[in-house]
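In: sequence? don't have it. structure:
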């Protein structure tokens, strides 16, 4: 079991460029989440999904889009990157029934110059 | 906005001492969870306490929950250098399918 994996691990973008972050989980979890973590802070929820084909906005969704075409994958897209999107991005997943703990990926460190 | 606010923001202790950190939140919850994050890594789940529970233990961890005060505490007993990490509380609100994280407590355990 690989758990939750994220691709890529690091990325540097120029302002205005686009990219997609991939999250994959092999635990057959229904729910998946994208968070961002800024230095010295906790995690803030960007978007989440409660099942294949569904997505919902979190606390800080502006500037991001997501897709959940397959149950095991959750993609986070930045259409036009901005320096304010420089952050570490974490993906997580959990079962739709208890226990309700979330399993996290190792993170993607994104720098937008 | 963050549901959970943690106190203190940072904590430095000697190996063998106990570490206590607190979390306050604002709305009704189903459960409260504590996570640990080593530097540069993803979060790892430590313990979950349900809204109808008052205390829970797991190894050297003890968590309490006071729903009347909307607060929780995490105690790490007999700390080790390997406990050096950031610790986050997260609330699972009654109406939702998502967690809201606090700002975290950075714990440094000196050997």
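Out: On my side now, so go ahead. Remember, it's a predicted structure, so these values are computed and weren't measured experimentally.

In: In contact with the residue nearest the centre of chain A, which residues?
Out: Central residue of chain A (C-alpha atoms, centre = their mean): residue A:34, 2.9 Å from the mean position. Applying C-beta atoms under 8 Å, 6 or more residues apart in numbering or on different chains to residue A:34 gives the contacts A:21, A:23, A:45-48, A:58, A:64, A:66, A:74, A:76, A:89-91. Just so you know, the C-beta spots here come from the backbone N, C-alpha and C atoms, and that holds for glycine as well.

In: Poorly predicted segments of the chain, please.
Out: Just going to use chain A. Of all residues in chain A, none has pLDDT under 70.

In: if you could check chain B rather than the one you did, that'd help
Out: B:1-4, B:95-96.

In: near chain A, which residues of it show up?
Out: For chain B, the contact set with chain A under C-beta under 8 Å from any C-beta of the partner chain comprises B:1-2, B:4, B:30-31, B:33, B:40-45, B:48, B:88, B:92, B:97-104.

In: re the thing from before, kindly reformat the contacts of residue A:34 as a markdown table containing secondary structure and neighbour count.
Out: Output for those, formatted as a markdown table (DSSP: H, G, I helix; E, B strand; the rest coil; neighbours: other C-beta atoms under 10 Å in any protein chain shown):
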| residue | secondary structure | neighbour count |
| --- | --- | --- |
| A:21 | strand | 21 |
| A:23 | strand | 25 |
| A:45 | strand | 20 |
| A:46 | strand | 24 |
| A:47 | strand | 23 |
| A:48 | strand | 25 |
| A:58 | coil | 18 |
| A:64 | coil | 19 |
| A:66 | strand | 23 |
| A:74 | strand | 30 |
| A:76 | strand | 22 |
| A:89 | strand | 23 |
| A:90 | strand | 25 |
| A:91 | strand | 30 |
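
In: So what pairs up with residue A:4 in the strands?
Out: On the basis of DSSP bridges, residue A:4 is bridged to residue A:25.

In: Correct me if wrong: it contacts residue A:22.
Out: No. Counting by C-beta atoms under 8 Å, residue A:4 does not reach residue A:22; the two are 11.1 Å apart.

In: Need the outlier residue of chain A, farthest from its centre.
Out: Distance to the chain centre peaks in chain A at residue A:98, reaching 21.9 Å (criterion: C-alpha atoms, centre = their mean).

In: Can you flag the buried ones in the residues of chain B next to chain A?
Out: Among those, those classed as buried by 16 or more other C-beta atoms under 10 Å in any protein chain shown are B:2, B:4, B:30-31, B:33, B:42-43, B:45, B:48, B:88, B:92, B:97-104.
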